[in-house]
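Undergrad: Task: produce atomic coordinates for the following.
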Amino acid sequence: MDNNEQKKIISAYDKRVAAVVVTYNRKQLLKECIEALLAQKAKHLRIFIIDNASTDGTEEYVKGLIDGERVVYLNTGENLGGAGGFCFGIKEAMKSDCDYVWLMDDDCIVHSDSLDKFLGCANKLDGDFGFLSGVARWTDGEICEMNVQRISVWRTVKNLTVPLQRIRFASFVSLFLSRQAVLTCGLPIKEFFIWGDDWEYTSRISKKFKNYLAGESVVTHKSETNVGSNIVADTSDRLNRYFYAYRNESYLFNRLGISGKLYYAAKIPYHRLKLALSDVPDKKERFAIIKKGLKAAKTFKPEIEYV
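TA: As a prediction, the model looks like this:
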């Protein structure tokens, strides 16, 4: 690191950052997540723990950590899903007059310089961005497949090591938002509940701002497996959540112009073909969930909330 870069990072330490962590019944992962956040060097980092009404002792653990204003615990009172949790959390974080909001789930373990790298990029860009997205690696060090950013509807990022490159879609696993982006574009759609809320939100911000992959800001995503959602391969006890996947993605892609409509028009027959050729149990139920989600999307008209 040269002297100019060091000076920029030192200056960036004066920026106020609110980390928003959404959690639900994963106290052990949350402990690791919080410990990594507390080890960041930035002077003005506040950590907002958004608890979707956990029942595993999460509240007692976090309240034991609270020291002044560095860690803030907020219980939503019910399970709002990831989408509702992030909507709730960003709204609360914005009340703190933060300059940036840093989003993550409780299974996201930041590295010692994750925030430094974001702040350095923010300085290089003179704050002219809507969001920065970090690189998520799985527990074995490989790229986390579910978190790979996209340049467009059809194109994923191929080289994740470039310090800064323009992107359009990103996940909420280490997403660094500018305050202005939130004020301009509003909050994630809480009615999504789970799945697709991150792509909808980042695509919405991309209509108003330039956004970047920050290739040197890396986190570890301790998801159970390194695969994306897959209604053919997933277990029977998780099938109901795919209703949200198909409803939300249909809502999203059909609002992304011709390219979005074509992408989703190709994706659905492909999914149905894979399911038809598989020997999975509950095949009829899986087909029915796809149909139910697509049908619900036709009347799904959530309103965007602003702060």
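
Undergrad: who touches the residue positioned nearest the centre of the chain in this structure?
TA: The C-alpha lying nearest the average C-alpha coordinate of the chain belongs to residue 172 (C-alpha atoms, centre = their mean; 0.9 Å). Contact partners of residue 172, counting by C-beta atoms under 8 Å, 6 or more residues apart in numbering, are 82, 86, 103-105, 197-198, 201. For glycine as for every other residue, the C-beta is placed from the backbone atoms N, C-alpha and C.

Undergrad: repeat that for 6 Å
TA: For residue 172, the contact set (C-beta atoms under 6 Å, 6 or more residues apart in numbering) comprises 103, 198.

Undergrad: how far away is it from residue 275?
TA: 28 Å (C-beta to C-beta, to the nearest Å).

Undergrad: Residue 95 now?
TA: Going from residue 95 to residue 275 by C-beta to C-beta gives 45 Å.

Undergrad: Between the two, which is the more surrounded one?
TA: More crowded of residue 95 and residue 275, by other C-beta atoms under 10 Å: residue 275, with 15 against 10.

Undergrad: so that one makes contact with residue 232?
TA: Yes. With contact defined as C-beta atoms under 6 Å, residue 275 counts as touching residue 232 (5.2 Å).

Undergrad: The residue nearest to the centre of the chain: what secondary structure?
TA: Using DSSP: H, G, I helix; E, B strand; the rest coil, the structure places residue 172 in coil.

Undergrad: so where's the stretch 151-300 of the chain shaky on pLDDT?
TA: Across the stretch 151-300 of the chain, nothing is flagged by pLDDT under 70.

Undergrad: let me fix that: the stretch 1-150 of the chain
TA: Applying pLDDT under 70 to the stretch 1-150 of the chain flags residues 1-12, 67-68.

Undergrad: ranges for the strands of it?
TA: Using DSSP state E, counting those that start in this stretch, the strands of the stretch 1-150 of the chain run over 17-23, 45-51, 71-75, 100-105, 108-110, 131-137.

Undergrad: Could you tell me the phi and psi values at residue 220?
TA: Main-chain dihedrals, residue 220, degrees, to the nearest 10: phi -110, psi 130.

Undergrad: Could you report the neighbour count for it?
TA: 22.

Undergrad: Could you do residue 263 as well?
TA: 16.

Undergrad: Does it touch residue 153 like I think?
TA: Yes. In terms of C-beta under 6 Å, residue 263 counts as a neighbour of residue 153; the distance is 4.9 Å.

Undergrad: Okay, buried residues for the helix of greatest length in the chain please.
TA: Among the segments of the chain that qualify as a helix by DSSP state H, the longest is helix 257-277. By neighbour count with 16 or more other C-beta atoms under 10 Å, helix 257-277 contains the buried residues 260, 263-264, 268, 271-272.

Undergrad: could I get these as a markdown table with distance to residue 24?
TA: Output for these, formatted as a markdown table (distance: C-beta to C-beta, whole Å):
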| residue | distance to residue 24 |
| --- | --- |
| 260 | 30 |
| 263 | 31 |
| 264 | 29 |
| 268 | 29 |
| 271 | 27 |
| 272 | 31 |
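
Undergrad: Okay, domains of the protein per the record?
TA: According to automatic domain parsing, the chain comprises the domains 3-221, 236-297.

Undergrad: Please work out which of the ones you listed is packed deepest.
TA: For the domains of the chain, the largest average neighbour count (mean count of other C-beta atoms under 10 Å) is found in domain 3-221, namely a mean of 19.

Undergrad: and of the strands of the stretch 1-150 of the chain, who's closest to residue 222?
TA: Ranking these by proximity to residue 222 (C-beta to C-beta) places strand 108-110 first, at 6.1 Å.

Undergrad: That'll do, ta.
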